[in-house]
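# give the three-dimensional model of this entry:
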Amino acid sequence: MSDQYLANQKKLKETDIFLASYPRSGNTWMRLLLSDALLQLQGCKTTTGGNIIPDIYKVSINEWNNHINTKLKFRTIKTHEPLFFEKTLELENRVFYFFRKPADCLCSYYYYSLRYQKSQENDKELDEFCLGNLEQWCCHVNTYISYKQKNPESIIFLSYEKLSYNPVKILNYVIELLGWENYQLVCQKSVKNQEFKKLKSLSQEEKPEKMGFWEEHGYQDFFRKGKVDSSQEELSSETLRIIEETAMPIYKKASSFEPIFPFEFSGEIFEKQLQKQIEKRRDNLDKFPKNFAAARRYYRLGKLEKAITSYRQAIKLNPNSAWAYHNLGETLSKLQKWDEAIAAYQEAIKLNPKSASFYYNLAEAFLQQGNLDEAIAHYSKAIEIKPSFSIGHNSLGEVLAKQGKLVEAIGCFRKAVALNSNYFRACRNLAELLAEKG
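Below you'll find the predicted structure:
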């Protein structure tokens, strides 16, 4: 918990309003939508970005609001932390709690967290990450459900799914609860300004002054997909089953507290279309493991062409499987189809840019092509992601030695030996190069 958060706790007022959520549940989008609407209501011109709602963890609430200098009688504050509620509920603060389908939420959280992985010893794959954080998601939502049951008037539950289906309706509802009525046009303009594609484009400019908030490590994957049920294409069928059984009852309980919105748009038709898409994706994901397993079996039996066919079929069923692309590249490499193998490895890296082994095998393919510079670049990336990767250090040293960069090569071999003193090949390479240098 940050020092800034603890300092801000002492500055809370009875009139403060909180936008609360588990991370990656729609809080950021609502901050931008609500900021846009509130600025319009004060006569300001608005555009994409322009957040005016402070993050309780990152800035001084008092200094922020003095700087923003709004004419509002209340402060709106973003938080993820449920533990301060004993204090805020005593003050009878209004809280808007945003929640999202657990699989989508955790997938989004995984990609968001990749920016911090340089400080972690081991990378976690998507499914492992989601399952590892599942209990935390459940506890977070259950905590707010408990507060809602104790203080039904203080907390308003709003789902990302309803916000995504009709953001104008949801934003207008929030605005009305804050004291403004019949401002549909204001909400429509806010939604147009803060469209997902516009926000994603703005985030790529890396200009926090336009976005209205500063994000450590930039905005990479901050606005990634934003689609409801996108996790159905990303997670394994087994992971989806566990999340469905463990967390969806809690999600449905949270949904039961949502206000009933009379959607005037073709929401029912949209729901039916969405359900058909989900069913098709699930059918594909059910078939994917069989094709993937068949491909691995053919690979082990040395039936490489059949393995390639099965991997390509698996990719058609689940184009978001990094391992399917990686294993396809591995199989193509066995047949010395280097161009195709490189393309497959590159697709795997696009889907999972934090895998040291993906970069290493791509480097190996470039090496076999004779492209030493590209091999060096990707070996270097592999050991940047995983500094303890002794094989990577040794392989980088061998390529550097081929280019005559003996001092750098010796450094790589020393590192490999330091990491694994029983690594015979690295020990031999180091001894031979030291002898050569005299």
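# going forward, measure contacts and count neighbours with C-alpha atoms only.
Noted.
# where in the protein is the helix or strand with the lowest mean pLDDT?
Ranked by mean pLDDT, DSSP states H and E, the weakest helix or strand in the chain is helix 85-90, scoring a mean of 47.
# avg pLDDT for the helix or strand following it?
Going down the chain from helix 85-90, the next helix or strand is strand 94-99, by DSSP states H and E. What strand 94-99 shows for mean pLDDT is 90.
# quick one, what contacts the closest residue to Ile243 other than its chain neighbours?
Residue nearest to Ile243 in three dimensions, not counting chain neighbours: Ala103, with 6.6 Å by C-alpha to C-alpha, 6 or more residues apart in numbering. By C-alpha atoms under 8 Å, 6 or more residues apart in numbering, the contact list for Ala103 reads Cys130, Asp229, Ser231, Gln232, Leu240, Ile243.
# just those now: which is nearest Ile410?
Cys130 (40.8 Å; C-alpha to C-alpha).
# okay, and the closest one sits in which element?
Element membership for Cys130 (DSSP H and E) is helix 126-150.
# show me the contact partners of that helix.
With C-alpha under 8 Å, 6+ apart as the criterion, helix 126-150 contacts 22, 82, 97, 99, 102-103, 106-107, 110, 154-155, 235-236, 239, 243, 247, 250-251, 253-254.
# in PyMOL, how would I select the buried members of those?
A single PyMOL command is used to select the members of the contacts of helix 126-150 judged buried by 16 or more other C-alpha atoms under 10 Å:
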select buried, resi 22+97+99+102+103+106+107+110+154+155+235+236+239+243+247+250+251+254
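# which of the contacts of helix 126-150 fall in strands?
Among the contacts of helix 126-150, the residues falling in strands (DSSP state E) are Tyr97, Phe99, Ile155.
# ok, Ser236 to Arg100 distance?
19 Å (C-alpha to C-alpha, to the nearest Å).
# same question, Leu351
Counting by C-alpha to C-alpha, the gap from Leu351 to Arg100 is 23 Å.
# do Ser357 as well
For Ser357, the distance to Arg100 (C-alpha to C-alpha) stands at 33 Å.
# which one's more surrounded, these two?
A direct count of neighbours by other C-alpha atoms under 10 Å for Ser357 and Arg100 places Arg100 higher, at 25 against 18.
# show the contacting residues for the more buried one.
By C-alpha under 8 Å, 6+ apart, the residues touching Arg100 are Ser25, Gly26, Ser159, Tyr160, Glu161, Tyr251.
# tell me which of the residues you listed fall in strands.
Per DSSP E, the contacts of Arg100 map to strands at Ser159.
# let's have the contacts of Arg100 in CSV, adding pLDDT.
Putting the contacts of Arg100 into CSV (pLDDT from 0 to 100) gives the following:
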residue, pLDDT
Ser25, 92
Gly26, 91
Ser159, 94
Tyr160, 95
Glu161, 93
Tyr251, 95
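# compare the contacts of Arg100 and tell me which is most surrounded.
Ser25 leads these on contacts (other C-alpha under 10 Å) with 26 neighbours.
# test my guess that it contacts Cys107.
No. The pair Ser25 and Cys107 does not pass the contact test of C-alpha atoms under 8 Å, sitting 10.8 Å apart.
# how far away is the residue most central in space within the chain from Lys200?
The structure's the chain has its C-alpha centroid closest to Tyr111; by C-alpha atoms, centre = their mean the separation is 2.4 Å. Tyr111 sits 15 Å away from Lys200, taking C-alpha to C-alpha as the criterion.
# you'd agree Leu362 is up against Trp338?
No. Leu362 is not in contact with Trp338 according to C-alpha under 8 Å; the separation is 9.6 Å.
# would you map out the domains in this protein?
3-264, 266-349, 354-438 (automatic domain parsing).
# rank these by pLDDT, which is bottom?
Lowest mean pLDDT within the domains of the chain: domain 266-349, at a mean of 79.
# so Lys101 sits right up against Lys252, yeah?
No. Here Lys101 lies out of contact with Lys252, judged by C-alpha under 8 Å, at a distance of 9.2 Å.
# which one's more surrounded, these two?
Ranked by neighbour count (other C-alpha under 10 Å), Lys101 and Lys252 place Lys101 first, with 21 against 11.
# ok, and the closest non-adjacent residue to that one?
Tyr251 (6.6 Å).
# roughly how far does that neighbour sit from Ala103?
As for Tyr251, its distance to Ala103 is 11 Å (criterion: C-alpha to C-alpha).
# same question, Phe74
Distance, Phe74 to Ala103, using C-alpha to C-alpha: 34 Å.
# what's the answer for His67, then?
38 Å.
# and for the nearest residue to Ala382 once chain neighbours are set aside, the neighbour number?
Once flanking residues are discounted, Ala382 sits nearest to Ala356: 4.3 Å by C-alpha to C-alpha, 6+ apart. As a burial measure, Ala356 scores 23 neighbours (other C-alpha under 10 Å).
# who's in contact with Ala356?
By C-alpha under 8 Å, 6+ apart, the residues touching Ala356 are Lys381, Ala382, Ile383, Ile385, Lys386.
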